[in-house]
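In: Any chance you could fold what I've pasted below:
(2 chains)
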Protein chains: 2
Amino acid sequence: MKKIVTLAFLGLAAASLAQQKTISGFSSASAAREYEHEQQFDQSLSAKRVGENIKQLSAVPHHLGSPGGKAVAEAILAKFKSYGLDASIETYQVLFPTPKTRMLEMTGPTKYTAVLKEMPVPEDATSDQPGQLPTYNAWSADGDVTGELVFVNYGLPDDYDQLKKMGVDVKGKIVIAKYGRSWRGIKPKVAYEHGAIGCIIYSDPKDDGYVQGDVYPKGAYKNEYGVQRGSVMDMVIYPGDPLTPGEGATKNAKRLDRLSAPTILKIPVLPISYHDAQPLLAALDGQVAPADWRGGLPITYHIGPGKSTVHLKLEFNWDMVPCYDVIAKIKGSKYPDQWVIRGNHHDAWVNGASDPISGQSAMLEEAKAMGDLLKNGWKPKRTIMYCAWDGEEPSLIGSTEFAEAHAKELQQKAVVYINSDGNGRGFLGAGGSHALENFVTEIEKDVTDPETQVSLFERNKSRQAVNAASAKSRKEAIDQQHIRLGALGSGSDYTAFLQHLGIPTLDMEFGGEDGGGDYHSIFDSYDDYVRFKDGTFVYGRTLASVMGKATLRMADADVLPFDFRSLYSTLDRYSKELTDLSNQMRESTAIENQLIKSNRFAQAYDPQDKLPQPEAKSEVPNIDFAPLKAALDSLKKSTDKLSIAWEQAAQNGKDQDKLNKMLYRAEQQLLSEQGLPRRPWFKHSIYAPGFYTGYGVKTLPGIREAIEERNWNEAQQQITLASQSITKLAGYLSAY
Amino acid sequence: MKKIVTLAFLGLAAASLAQQKTISGFSSASAAREYEHEQQFDQSLSAKRVGENIKQLSAVPHHLGSPGGKAVAEAILAKFKSYGLDASIETYQVLFPTPKTRMLEMTGPTKYTAVLKEMPVPEDATSDQPGQLPTYNAWSADGDVTGELVFVNYGLPDDYDQLKKMGVDVKGKIVIAKYGRSWRGIKPKVAYEHGAIGCIIYSDPKDDGYVQGDVYPKGAYKNEYGVQRGSVMDMVIYPGDPLTPGEGATKNAKRLDRLSAPTILKIPVLPISYHDAQPLLAALDGQVAPADWRGGLPITYHIGPGKSTVHLKLEFNWDMVPCYDVIAKIKGSKYPDQWVIRGNHHDAWVNGASDPISGQSAMLEEAKAMGDLLKNGWKPKRTIMYCAWDGEEPSLIGSTEFAEAHAKELQQKAVVYINSDGNGRGFLGAGGSHALENFVTEIEKDVTDPETQVSLFERNKSRQAVNAASAKSRKEAIDQQHIRLGALGSGSDYTAFLQHLGIPTLDMEFGGEDGGGDYHSIFDSYDDYVRFKDGTFVYGRTLASVMGKATLRMADADVLPFDFRSLYSTLDRYSKELTDLSNQMRESTAIENQLIKSNRFAQAYDPQDKLPQPEAKSEVPNIDFAPLKAALDSLKKSTDKLSIAWEQAAQNGKDQDKLNKMLYRAEQQLLSEQGLPRRPWFKHSIYAPGFYTGYGVKTLPGIREAIEERNWNEAQQQITLASQSITKLAGYLSAY
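Out: The predicted structure follows:
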């Protein structure tokens, strides 16, 4: 007995030695306590229970406004309560279209009527349930159009530039675009901008089907009938309920008329399978598509237009539905008015075992472990909130309406918003506010990867090093001491918090070893998840550990772990990118115009192709980046100075309250009152979803998009505005 | 009338003003005469007759040893004679295998018997003729093998490295490889080196089929039954008759025993269509192929091995056949013992309208125009020879046996060998000895592109500028005053002349606007050629003009237009490439070994894939390039000095005979007596077909391949040998 006790004691000693590690923002004493809480927290987490929750919450279809959706919200509410948390449902009234009529047929040169239906398979128990939403794109216009078909690759602005080079115009035509390379809503928007009267989006097997791997149910990839549902709202104008921009969609909120809502599409849009796309594409004539446009179907891809015509008819039920956000709270003991907010949506397009239930179940596991900590007597310094959002799929509705309804309070109180969505297997991906790079680095070093038993930090480093293209970048990967956070665009519930309200944000999930074609289909099911994603749920448990640590550390830090030096160096990099971009554009425009003038294109082209010469573009003026550089210089000075004050406060404990309050509201200084050009809802000067990428981020978006759009005056104006925001932040940080 | 005469006179005046241009190697007076001859020459050329010759000579199948082949040789002989040239047939006796048994079947998991037959189409008049060679690879071994199937991508050494990384071994297996990325003969050779017992090669629709464009007969690309025939002899050891390496295959030549001939394959090899490949590939299991291995068939590409087994049975008639080289001569008036040799083969795999008859017909047109010049009283200073080679397709037999049989005389007398093969539509491609860069540049500036009416030089420049990836390389393309000749590897009849004998060589053809899948199939027909290649034969006429100018200028130059400064600058570039290559390999090996040692691969890989860790490679030592640099320094000095002497001789006419004799034999100084390691037939120190690329050139091959093979001692030895050759050339040039 005694020997065993001694060993156990030694074990503890070793463990507490290991715990001598510091945590930024914690004194030694509080770091030791924090590690103890985190250890208890981790011990509460159960991979098995994560799996059980995934199974339970993905048991039936549960989209916004459905009986299944209401049941899921209520189940989550009950779970929060059972963990000992103070929970309730906040309901908004929102517009949500569902299909009434869906018809797509080829009318010439041959007849084909599209199936427009995913086929259930016996290997997937939930694939033939009632209550599934049909395959459609929410926020398509009602419409009944017939026209010649044109294949537009991914349907992005560059693709239309290419079509112009080939002398093809889509005006009055119906376009067919591949899914991928952008958020789907960009495709019909750009089609409409170019005069198309309808838009079909399909999953090409090269991007999402048999070219990627064996198809479902043999493998994980999209089979011939699989269809990706999804929103095509013009969310880069504003997300959330289209009728209530900028305010919560409460019962009596002032609402726009639907037909005047700017984010609802103006043409009919329908997603189809590659089974339905193949006859349409095979019938196209006209020029052969450029090599990098061709997909994986066993046909020669042509562009059209020509004899191939299609008829597309769509009608929707434009219903008002309730949107159920489930909110649970743990009140802060020292700073109840500082909120650490953790969120993940609960609505799905169909069963959504992966998207969003895998993330939701990890979050529930965190909430349960917090409840266990509470039962053991722990109380967080700051208030912790768990938010299970509804209506994310149609357009981030639940989170956006919540953020808009509580905007002022959130800007006063929200310390951070920590988001997840679906979760998979593999490597931790992390994006967010760059002042949190060191914070996330420390967590990645403290959490062990369940497959390889090295830290998440080392595993990510190994992946980067192994995949790096050159010896130089391999060395750099090995040498790096900090992770680099991705910049956030859109595509999940952080958008309103970060980009509308300026609240520091993190977004994390595991992935990279869980490819498949289930996204937004009937096959995003428990059966699929177990076979092809995180089948033992260990990454669900690990996500809970990562997010739990992030939440606990934010809630209990003596000094909030923001380090704005990382923000400075990131902004400095972005600024250099923009300088390089404008210089490159200047050079390439000059030489291209010279080639056009000297007839080089006509000489290079095959005369039999009868291609038009490209048109000369406006020469790129010298853009004055000096204001931006000056703003960055002042930011550098103030962040360097602040980091000294921050260290002192962390060590001597003085003025922590004042410092904390300043720190978490600093990011709001980067908001501009007028917002981005043509989309004032987006107020953050540093991060925005791209106007023509959708989910994909544009950093320093006002400047970058103006340059990309060759709007030189606006670029100069936006340099002034971004510089003002950065200078404002520098002044704010210096004032401490 | 008078007015018209005046205009005509002015036209002539303008033309003769234009003719004030100089030609390197010609005095002003001889340049004026030369331009006159070239103008007469061009006036003799007829696109229509080129087309008629293509139609006539591709009317029936005419492979080596066939009745059609003999008839084509005799028709060419008759044409040469009708043009007034002194022509005869030189016959060799050579080995040539044709199929006796061809059988390929899948024996498991399901049954499939390969069709192994191209299907005639009514749109192609010659596609169903008797006398077609079946689809096969010449020089395959006889064999009857059954084994598991493994997909090996393009079947090149890198692909086997990748298989090793995936833990897949082909020992005792039958491999299936895609056509492309190398000469086809490399694939079975590398398969054999890795222990495979059989090799199937197929045309994937991604590289050669519907992914490229509409298939025959709707479009030009390979249809599902199309098969590429071709030789798989190990020609990088030596080309030509496998039984008579290094000497002419005359009737009584000493011959190797067939089974000991090192260039004949040791395993059975068969080419198949994608119709036949699809069931085999679809049945494969095992790992999914890496993304860049996947082709255009509508399946998920797997690697195998597994349940999928095939049975391959091949037997050949190993016959001795006559090989008919048709040789026509125009005796030189001043230097009858200096030979300007022009060649193009006449044998085809089937009808060969494009390969080789389009080139052959251009050459006949040149010969006819030369005959017309002769009739007008012109006599070339040097002897001109037209060579229509037989047996190029099986392994460059006709040209190689001729070069071997006449080796000594050729090294004494051959000034240059000017080669063509098939000809298409578009841009002039030119490769050859780098001392001829200025020579070819002048010709490209003097010949007008028939489609765009700018010079070939300007059209090529426009293409380069338009296609260049960066503004910088666009500018460089626009600014360049000289073309850059490609370095020659193998794949056509220049090989023995250049790489075995060191005779200055050029190889030219038009292409780039004539894609298709007819190569070595029954669809390389007149009907296909007219629809999809040079349908109006204007590029045939233009090739005759280019080649005619090259031949005339070489035959009539006062001083032969070799400029070795271009050779120096090219060699200097190659030398830098090799230094960079070895430095990059050193760096990447070091970091890769470090990653292996620190377990980074295991951490980066998906543990479920159970991939082996890569093996550490030998560290790259510091290779001493100083001898090469010293040799290049001395070459620079001697070429700079020679260029002054050359200019003086061209101007004052002194010592031209001595200079000329020195100039055309200079390239022979670059031969090494021992030849390349493991393939002594290849004696050129600068150019060789790659041991693992086949047609693709390796420059400074001894050094480059030793580095690529990580044979560091050999690399150092080869630096010594190449440096000796270059120093020898420098001394030779200085000695003038």
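In: Low-confidence ranges, chain A, go.
Out: A:1-20 (pLDDT under 70).
In: measure stretch A:177-193 end to end?
Out: 15 Å (C-alpha to C-alpha, to the nearest Å).
In: hmm, that stretch touching chain B?
Out: No: judged by C-beta under 8 Å from any C-beta of the partner chain, stretch A:177-193 makes no contact with chain B; its nearest approach is 14.5 Å. No exception for glycine: its C-beta is placed from N, CA and C like everyone else's.
In: Any idea how far that stretch is from the middle of the chain?
Out: On the basis of C-alpha atoms, centre = their mean, to the nearest Å, stretch A:177-193 sits 17 Å off its chain's mean C-alpha point.
In: Repeat that for stretch A:404-416.
Out: That offset, for stretch A:404-416, works out to 21 Å (C-alpha atoms, centre = their mean).
In: Dump the C-alpha coordinates for it into CSV.
Out: Taking Å, rounded to 0.1, in the frame of the first residue of the first chain, the C-alpha atoms of stretch A:404-416 are listed here in CSV:
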residue,chain,number,x,y,z
GLU,A,404,-28.4,43.1,-33.6
ALA,A,405,-31.0,42.9,-30.8
HIS,A,406,-28.4,43.1,-28.1
ALA,A,407,-25.9,45.2,-30.0
LYS,A,408,-25.3,47.9,-27.4
GLU,A,409,-25.0,45.6,-24.5
LEU,A,410,-22.7,43.3,-26.4
GLN,A,411,-20.4,46.2,-27.3
GLN,A,412,-20.3,47.0,-23.6
LYS,A,413,-19.9,43.6,-22.2
ALA,A,414,-18.7,41.0,-24.7
VAL,A,415,-15.1,40.1,-24.0
VAL,A,416,-14.9,37.5,-26.8
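In: Any buried residues in it, and which?
Out: With burial defined by 16 or more other C-beta atoms under 10 Å in any protein chain shown, the residues of stretch A:404-416 counted as buried are A:404-407, A:410-411, A:413-416.
In: can you check stretch A:246-255 too?
Out: A:248-249, A:253, A:255.
In: quick one: which of those sit in helices?
Out: Counting by DSSP state H, none of the members of the buried residues of stretch A:246-255 fall within helices.
In: Output those in TSV, with distance to B:V269 appended to each entry.
Out: Supplementary listing: the buried residues of stretch A:246-255 in TSV, determined by distance: C-beta to C-beta, whole Å:
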residue	distance to B:V269
A:G248	72
A:A249	70
A:A253	75
A:R255	73
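In: Quick check: the two most widely separated of those?
Out: Greatest spatial distance among the buried residues of stretch A:246-255 (C-beta to C-beta): A:G248 and A:R255, at 11.7 Å.
In: What ranges does the stretch 251-400 of chain A have for its helices?
Out: Under the criterion DSSP state H, counting those that start in this stretch, the stretch 251-400 of chain A carries helices at the ranges A:274-283, A:359-375, A:392-395, A:397-405.
In: who's in contact with the residue nearest to A:K222 when sequence neighbours are not counted?
Out: Distance criterion C-beta to C-beta, 6 or more residues apart in numbering or on different chains; nearest residue to A:K222, sequence neighbours excluded, is A:G517 at 2.8 Å. A:G517 is in contact with A:203, A:208-209, A:212, A:215-216, A:220-223, A:226, A:523, counting by C-beta atoms under 8 Å, 6 or more residues apart in numbering or on different chains.
In: Surely A:G517 is within a strand?
Out: No: counting by DSSP: H, G, I helix; E, B strand; the rest coil, A:G517 falls outside a strand, being coil.
In: ok, now how distant is it from B:G696?
Out: In this structure, A:G517 and B:G696 are 38 Å apart, going by C-beta to C-beta, to the nearest Å.
In: Same question for A:L133.
Out: Distance of A:L133 to B:G696, computed by C-beta to C-beta: 54 Å.
In: Compare neighbour counts for the two and give me the winner.
Out: The neighbour count for A:L133 versus B:G696, taken as other C-beta atoms under 10 Å in any protein chain shown, is higher for A:L133 (20 against 16).
In: Isn't the more buried one up against A:P97?
Out: No: between A:L133 and A:P97 there is no contact under C-beta atoms under 8 Å: 10.7 Å.
In: and the one helix or strand A:G548 maps to, anywhere near chain B?
Out: Assigned by DSSP states H and E, A:G548 belongs to helix A:538-556. No: counting by C-beta under 8 Å from any C-beta, chain B is not contacted by helix A:538-556; separation bottoms out at 11.5 Å.
In: just how off-centre is that helix within its chain?
Out: How far helix A:538-556 lies from its chain's middle: 19 Å, per C-alpha atoms, centre = their mean.
In: Quick one: residues contacting the nearest residue to A:G511 once chain neighbours are set aside.
Out: Among residues not flanking A:G511 along the chain, A:G424 sits closest, at 4.2 Å (C-beta to C-beta, 6+ apart). The contact partners of A:G424, taken as C-beta under 8 Å, 6+ apart, are A:354, A:358, A:509-514, A:533-534, A:539.
In: can you do 7 Å?
Out: A:354, A:509-511, A:514, A:533-534, A:539 (C-beta atoms under 7 Å, 6 or more residues apart in numbering or on different chains).
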